[in-house]
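**Student:** Using only what follows, build the 3D model:
(chains A, B, C and D)
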There are 2 protein chains.
Amino acid sequence: MLAYTTMPTQLRSNGIDHPIVPLPFGPAHLQQISFFDPGCEIYAQGEKAGNIYQVEFGAVRVYRLLADGRRQISAFCLSGEVFGLEDDANHHFFAEAITGTSLRLFPRSKFGDISQELFSLTLRSLTRAQEHLLVLGRQTAVERVAAFLLDLAERQGGLEQVELPMSRMDIGDYLGLTIETVSRAFSKLKDNGIIALPTLRSAEIKKWNALQAMSE
Amino acid sequence: MLAYTTMPTQLRSNGIDHPIVPLPFGPAHLQQISFFDPGCEIYAQGEKAGNIYQVEFGAVRVYRLLADGRRQISAFCLSGEVFGLEDDANHHFFAEAITGTSLRLFPRSKFGDISQELFSLTLRSLTRAQEHLLVLGRQTAVERVAAFLLDLAERQGGLEQVELPMSRMDIGDYLGLTIETVSRAFSKLKDNGIIALPTLRSAEIKKWNALQAMSE
DNA sequence: CGACTGATTGACTATACTCAACTGCGGTGG
DNA sequence: CCACCGCAGTTGAGTATAGTCAATCAGTCG
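**Tutor:** Residues are numbered from 1 along each chain as shown, chains lettered A, B, ... in the order given. Predicted coordinates for the structure are as follows:
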């Protein structure tokens, strides 16, 4: 549950990392790199928002909580992806490392003008959130899981082997489902031969077309 | 179902409009104003995205469709609010006027640099979408309707009289519910004395605290 | 090897959906 | 001005999907 400023080498490779495209803004000497253990908090709701974060390797969940503990994960961030953009001085969300995670920090205050790149990243986040609204508002459990797997597969380079750094609980809280329903949806896809589940934390897409059809 | 470039005067006042804050970017001579009849399409999914739109008066729904016709409304836009921001050359969503609506158009191509204001608007849209994820993913039907009414009330200036320019179908497609469930939720809130429904297209908030409590 | 945690499966329940009947508001025409 | 019509909305009954609670299984780490 600690953040490091030196790199614990055993964290370097977890199978799902690939070369990232560094963010094109901000002078390099202003960028700081930090390491987070699994479960480690990156920022909390209400905290002052000062940085933008890019994942070097690892995975991050960004989420909100209701008073009674219900949780909605709004995004998983993988290598090369960016989070921490807020419309306010304070964070409205929590961010936590899922696995051992390395982050590149960009202090907002040090930016001069808003770059076209930063704007594009924000628009991409917006589109992603809006697409996810369709999933949560209008899709069944199996459709949500199918769409989730396709999304992850695409973000990991389109390989059929998909790594799942997050728990079933995380997936449920992302898809608006319980862990049992997530599990049943995985089982159904497996029973139909559409996916295989070689380990708990990976999936193999066997029938892309069928999965695509299920996600609509 | 038509768009005008002159103003049909009978559309001017529908009770929910208040003075808007004009967008602070773009020279005035580049801004164009258009009028849309109820149900009129403003843009379609796949269409080339060239403009940003600000609502002068009226109301707009922005939505996506699944192949089988299931619809998810990602946002309702009221006076002063902005939509049409896309991360791509083409629109990913549909936008339609709900009531008679006047829009101020800002051609993207005519902007020079990305202004701080435009960036802020985008971040606000992003936060709004992410907050809505929590509603769709983790709240019950009554909680969704309560949150919806509070949100509308706040955006209309915090008055207890809330105008509902959209149909129950629209509300359902925004909240991920059927019209029947929306109707039952309204009735439950009414039966508990939390709201009144003077007409089909308006609601009166009687017990703010109770409504707030129901929305969590 | 054993204990612990996370995941799966099963049985039952609750919430929201579907289908259908009915109500009432709003608009039109006599 | 009132009566009628049509459609949006409401209400009811039955169903289906996902949630809850509980038991079992599997993978991980001492």
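
**Student:** Name the SS class of residue A:96, please.
**Tutor:** Under DSSP: H, G, I helix; E, B strand; the rest coil, the three-state class of residue A:96 is strand.

**Student:** dump the residue contacts of it.
**Tutor:** A:39-42, A:60-61, A:63 (C-beta atoms under 8 Å, 6 or more residues apart in numbering or on different chains). (C-beta placed from N, C-alpha, C; glycine too.)

**Student:** Write the ChimeraX selection for whichever of those residues are buried.
**Tutor:** In ChimeraX, this line selects whichever of the contacts of residue A:96 come out buried by 16 or more other C-beta atoms under 10 Å in any protein chain shown:
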select /A:40,42,60,61,63
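
**Student:** Just name the closest of the contacts of residue A:96 to residue B:167, please.
**Tutor:** residue A:63 (32.6 Å; C-beta to C-beta).

**Student:** wait, the closest one sits on residue A:70?
**Tutor:** No: under the criterion of C-beta atoms under 8 Å, residue A:63 makes no contact with residue A:70, lying 10.5 Å away.

**Student:** Columns pLDDT, distance to chain B and secondary structure on top of the contacts of residue A:96, output as JSON lines?
**Tutor:** JSON lines is the format used below for those (pLDDT from 0 to 100; distance: C-beta to the nearest C-beta, whole Å; DSSP: H, G, I helix; E, B strand; the rest coil):
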{"residue": "A:39", "pLDDT": "94", "distance to chain B": "21", "secondary structure": "coil"}
{"residue": "A:40", "pLDDT": "95", "distance to chain B": "22", "secondary structure": "coil"}
{"residue": "A:41", "pLDDT": "96", "distance to chain B": "18", "secondary structure": "strand"}
{"residue": "A:42", "pLDDT": "97", "distance to chain B": "16", "secondary structure": "strand"}
{"residue": "A:60", "pLDDT": "97", "distance to chain B": "15", "secondary structure": "strand"}
{"residue": "A:61", "pLDDT": "98", "distance to chain B": "13", "secondary structure": "strand"}
{"residue": "A:63", "pLDDT": "97", "distance to chain B": "9", "secondary structure": "strand"}
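
**Student:** I'd like the distance between residue A:182 and residue A:142.
**Tutor:** As defined by C-beta to C-beta, to the nearest Å, residue A:182 lies at a distance of 10 Å from residue A:142.

**Student:** Pull the contacting residues for the residue most central in space within chain A.
**Tutor:** Ranked by distance to the mean C-alpha position of chain A (C-alpha atoms, centre = their mean), the top residue is residue A:76 at 1.4 Å. By C-beta under 8 Å, 6+ apart, the contact list for residue A:76 reads A:59-62, A:98, A:152, A:165-166, A:170, A:174.

**Student:** Which residue ranges of chain A form helices?
**Tutor:** Assigned by DSSP state H, the helices in chain A fall at A:116-138, A:141-155, A:168-175, A:179-191, A:208-214.

**Student:** Of those helices, which is nearest residue B:120?
**Tutor:** Using C-beta to C-beta, the nearest of the helices of chain A to residue B:120 is helix A:116-138, at 10.2 Å.

**Student:** is that closest one anywhere near DNA strand C?
**Tutor:** No: using C-beta under 7 Å from any atom of the strand, helix A:116-138 never reaches DNA strand C; the gap is at least 8.8 Å.

**Student:** now residue A:178, nearest residue through space, not along the chain?
**Tutor:** Distances taken as C-beta to C-beta, 6 or more residues apart in numbering or on different chains put residue A:172 closest to residue A:178, at 5.4 Å, once the chain neighbours are dropped.

**Student:** Give me the number of neighbouring residues for that neighbour.
**Tutor:** Counted by other C-beta atoms under 10 Å in any protein chain shown, the residues lying close to residue A:172 total 24.

**Student:** I figured it hits residue A:186, correct?
**Tutor:** No: judged on C-beta under 8 Å, residue A:172 makes no contact with residue A:186 at a distance of 11.1 Å.

**Student:** Pull the most distant pair out of the contacts of residue A:76.
**Tutor:** A:62 and A:152, at 15.5 Å, using C-beta to C-beta across the contacts of residue A:76.

**Student:** neighbour-wise, which of those two wins?
**Tutor:** Looking at residue A:62 and residue A:152 with other C-beta under 10 Å, you find the greater number of neighbours at residue A:62, namely 24 against 20.

**Student:** Kindly provide the distance from that one to residue B:64.
**Tutor:** For residue A:62, the distance to residue B:64 - C-beta to C-beta - is 22 Å.

**Student:** Can you pull out the low-pLDDT segments for chain A?
**Tutor:** A:1-30, A:111-114 (pLDDT under 70).

**Student:** How about the residues of it by DNA strand C?
**Tutor:** A:167-169, A:179-180, A:182-184, A:186-187, A:197, A:200.

**Student:** List only buried entries from those residues.
**Tutor:** A:168, A:182, A:186.

**Student:** would you turn these into a markdown table with distance to residue A:115?
**Tutor:** Formatted as a markdown table, these follow (distance: C-beta to C-beta, whole Å):
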| residue | distance to residue A:115 |
| --- | --- |
| A:168 | 38 |
| A:182 | 38 |
| A:186 | 41 |
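
**Student:** Go through these and name the one nearest chain B.
**Tutor:** Of all these, chain B sits closest to residue A:182, with 12.8 Å by C-beta to the nearest C-beta.

**Student:** Need the nearest residue in space to residue A:138, chain neighbours excluded.
**Tutor:** Of all residues not flanking residue A:138 in the chain, residue B:70 sits nearest, at 4.4 Å (C-beta to C-beta, 6+ apart).

**Student:** give me phi/psi at the one you found?
**Tutor:** The phi/psi pair for residue B:70 (degrees, to the nearest 10) reads phi -60, psi 140.
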